[in-house]
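K.L.:
Just the structure for this:
(4 chains)
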Number of protein chains: 2
Amino acid sequence: MRWYIASMKSPDRTQTARPSYHHGDLRQALLLAAKALIAEAGIDNLSLRKLAERAGVSRTAPYHHFSDKNDLLCAIAAQGFRRRHQAAQDTFNDPSLTAAQKFAEYICGYVRFAAENPEEYELMFGRNIWKQKHSTQELLDVAYPCFQHQLEMITSWQASGLIGGDNPLRTSQVIWGTVHGIAKLLIDGIYTDSAQIEEVSQCAVTLFIKKAS
Amino acid sequence: MRWYIASMKSPDRTQTARPSYHHGDLRQALLLAAKALIAEAGIDNLSLRKLAERAGVSRTAPYHHFSDKNDLLCAIAAQGFRRRHQAAQDTFNDPSLTAAQKFAEYICGYVRFAAENPEEYELMFGRNIWKQKHSTQELLDVAYPCFQHQLEMITSWQASGLIGGDNPLRTSQVIWGTVHGIAKLLIDGIYTDSAQIEEVSQCAVTLFIKKAS
DNA sequence: GGTGCAATTTTGACACTGTCAAGATGCGTT
DNA sequence: AACGCATCTTGACAGTGTCAAAATTGCACC
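P.N.:
Below you'll find the model as predicted:
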């Protein structure tokens, strides 16, 4: 009966009211609540304690579903990679687009994705996650194919003569760097005018595409 | 005489032994000690308390020289901007270099600077500093001319026909994005092999320089 | 030389964080 | 019905940034 009292104290549970002492699907509820909290106040203001309270459980309950705070963040980042990977594959496999259109959509779509989900993108590429051994195996398993797919796309565009360069790996590293850098400068508030996103992306496209001259 | 006892407890003071109760130049000592600590254990592991202990003062002493932890970090970041700005100016004003050489040196030098001072670079562009109103006036005063100078350099290279694009602002935003992105991916450990730095930078140079054909 | 002021430093305290250990609770299986 | 195990809670600890009030000292002025 104790949980009922706790439920009265914090009725603002992201998920539906817990039907019993055991939550049922706390892991999912935590992920949802975490994303909500991050969207409200940013990553820096996310604490496991606030998160637990939001989910209507005690402080240490999350530790039975995530070994660590970092583990939770990696799980959210993994979701982001899945979404981005799916979107990139969709445009690349769209038969109604020319190679040039696909390339332009890759560049603009990448930056747009980061601009529309700044906190999630920050999580996906935050230094705390990738530096050293902080990344979960799940994150690696999801992120690596995403990186690989990027490499394949750019390599194919280069092979078809759409863009310049000679070494495919190096070229794709540069282009990835470009979109990543634009996204970062934008998210971090250094490119203050976020209305210019599309223009900057478009400029990048024209700079990389080889002129047919 | 209390300070003497304190001095015995933590003799590892970055600066020389404090000659009196008043430190003399605690602000400078704190900046030095902070950079040392960051170099040892990274930004995330820097706490004001450890820093104060390292400098041989009490926990709250730093608050009389920096209003905030963020204020301290901004001061370190400002130093980084000054160094980078100086280096960029030096190469740009070097009369023994051609425009193409200057451009290549700008790209490679930028990435090299970030790779050689990863923590400082992280500080200079960390989201916590630029997001919202977290940046000090001093930081703005130092960083803005640095950004401006970058814009001028790239604009001049574009005007001389060395690199493509039409809108100077957009072009320089893309190129800055490229070097920033490469640097970030490198620092955050996503481009694992740091021996490729120069190759990637060089590839970026060749991708941007207009072929004389 | 003594005195008072202002700069500097310290001690104490508070709220908050991540995380561990030990106990409580309830579901599923035997 | 009873046991085991996954799940959740309470209690606790070390660490963090930061504020308020007290202590210490250097310096200018009489």
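K.L.:
In this structure A:Ala99 contacts A:Leu162, no?
P.N.:
Yes. Counting by Cβ atoms under 8 Å, A:Leu162 is a contact partner of A:Ala99 at 5.3 Å. For the C-beta atoms, the positions are set from N, CA and C on the backbone; glycine is no exception.
K.L.:
which residues touch the residue of chain A at minimum distance from chain B?
P.N.:
With Cβ to the nearest Cβ as the measure, A:Gly181 is the residue of chain A nearest to chain B, at 2.6 Å. If a contact means Cβ atoms under 8 Å, 6 or more residues apart in numbering or on different chains, then A:Gly181 has B:Trp176, B:Gly177, B:Thr178, B:Val179, B:His180, B:Gly181, B:Ile182, B:Ala183, B:Lys184 as its contacts.
K.L.:
Closest one of those to A:Gly42?
P.N.:
Within the set of these, B:Lys184 lies nearest A:Gly42; the separation is 19.0 Å, counting by Cβ to Cβ.
K.L.:
And for that closest one, the neighbour number?
P.N.:
The burial metric for B:Lys184, expressed as a neighbour count using other Cβ atoms under 10 Å in any protein chain shown, is 24.
K.L.:
now A:Ser156
P.N.:
The local packing of A:Ser156 (other Cβ under 10 Å) involves 15 other residues.
K.L.:
so it is in which element?
P.N.:
In the assignment (DSSP states H and E), A:Ser156 maps to helix A:137-159.
K.L.:
and that helix, which residues are buried?
P.N.:
The neighbour-count check on helix A:137-159 (16 or more other Cβ atoms under 10 Å in any protein chain shown) flags A:Leu139, A:Val142, A:Ala143, A:Cys146, A:Gln150, A:Leu151, A:Met153, A:Ile154, A:Trp157, A:Gln158 as buried.
K.L.:
ok, back up a step: would you list the contacts of A:Gly181 in TSV and tack on secondary structure and distance to B:Lys69?
P.N.:
Conversion of the contacts of A:Gly181 to TSV gives the following (DSSP: H, G, I helix; E, B strand; the rest coil; distance: Cβ to Cβ, whole Å):
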residue	secondary structure	distance to B:Lys69
B:Trp176	helix	28
B:Gly177	helix	29
B:Thr178	helix	32
B:Val179	helix	29
B:His180	helix	25
B:Gly181	helix	28
B:Ile182	helix	29
B:Ala183	helix	24
B:Lys184	helix	23
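K.L.:
Please work out the angle formed by the directions of the longest helix along chain A and helix A:137-159.
P.N.:
Looking only at chain A and at elements set by DSSP state H, the helix with the highest residue count is helix A:69-93. Between helix A:69-93 and helix A:137-159, the angle comes out at 30 degrees (axes from the mean of the first three to the mean of the last three Cα atoms, to 10 degrees).
K.L.:
what sits against A:Cys203?
P.N.:
Under the criterion of Cβ under 8 Å, 6+ apart, the contact list for A:Cys203 reads B:Gly165, B:Asn167, B:Arg170, B:Thr171, B:Gln173, B:Val174.
K.L.:
Please name the residues that touch the first one.
P.N.:
If I follow you right, that is B:Gly165. Under the criterion of Cβ under 8 Å, 6+ apart, the contact list for B:Gly165 reads A:Cys203, A:Thr206, A:Leu207, B:Gln158, B:Thr171, B:Val174.
K.L.:
Domain map for chain A?
P.N.:
Using automatic domain parsing, the domains assigned to chain A come out as A:2-64, A:69-208.
K.L.:
still on that earlier bit, mind giving me the PyMOL select for the contacts of A:Cys203, buried ones only?
P.N.:
When burial is assessed using 16+ other Cβ under 10 Å, the buried subset of the contacts of A:Cys203 is captured in PyMOL by this command:
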select buried, chain B and resi 165+170+171+173+174
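K.L.:
ok, and of the contacts of A:Cys203, which contact DNA strand D?
P.N.:
By Cβ under 7 Å from any atom of the strand, no member of these lies near DNA strand D.
K.L.:
quick revisit: for the helix holding A:Ser156, give the mean pLDDT please.
P.N.:
Confidence for helix A:137-159, expressed as mean pLDDT, is 94.
K.L.:
Contacts for it next, please.
P.N.:
Contacts made with helix A:137-159 from outside it, assessed by Cβ under 8 Å, 6+ apart, are listed as A:74-75, A:77-78, A:81-82, A:84-85, A:88-89, A:92, A:99, A:102-103, A:106, A:124, A:129, A:135, A:163-165, A:168-169, A:171-172, A:175-176, B:190.
K.L.:
Can you give the distance of that helix from its chain's centre?
P.N.:
On the basis of Cα atoms, centre = their mean, to the nearest Å, helix A:137-159 sits 15 Å off its chain's mean C-alpha point.
K.L.:
Output stretch A:78-89 as CSV, restricted to C-alpha atoms.
P.N.:
C-alpha atoms of stretch A:78-89 as CSV (Å, rounded to 0.1, in the frame of the first residue of the first chain):
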residue,chain,number,x,y,z
ALA,A,78,20.9,4.8,-29.6
GLN,A,79,17.3,5.7,-30.4
GLY,A,80,18.5,8.9,-32.1
PHE,A,81,21.0,6.9,-34.3
ARG,A,82,18.2,4.5,-35.3
ARG,A,83,16.0,7.3,-36.4
ARG,A,84,18.7,9.1,-38.3
HIS,A,85,19.8,5.9,-39.9
GLN,A,86,16.3,5.1,-41.1
ALA,A,87,15.8,8.6,-42.5
ALA,A,88,19.2,8.5,-44.4
GLN,A,89,18.4,5.1,-45.8
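K.L.:
Go ahead and name everything in contact with that stretch.
P.N.:
Residues outside stretch A:78-89 that contact it (Cβ under 8 Å, 6+ apart) are A:31, A:106, A:109-110, A:113, A:117, A:120-121, A:123-124, A:136, A:138-139, A:142-143, A:145-146, A:149-150, A:153.
K.L.:
So which of those residues reach DNA strand C?
P.N.:
On the criterion Cβ under 7 Å from any atom of the strand, none of the entries of the contacts of stretch A:78-89 sits beside DNA strand C.
K.L.:
Contacts only, for A:Leu185.
P.N.:
A:Tyr191, B:Phe125, B:Gln173, B:Trp176, B:Gly177, B:His180.
K.L.:
What's the separation between the residue sitting nearest the centre point of chain A and A:Ala36?
P.N.:
For chain A, the residue lying nearest the average C-alpha position, counting by Cα atoms, centre = their mean, turns out to be A:Gly80 (3.4 Å). A:Gly80 is 15 Å from A:Ala36, where distance means Cβ to Cβ, to the nearest Å.
K.L.:
Quick one: residues contacting A:Ile175.
P.N.:
By Cβ under 8 Å, 6+ apart, A:Ile175 lies in contact with A:Ile107, A:Ile154, A:Ile163, A:Phe208.
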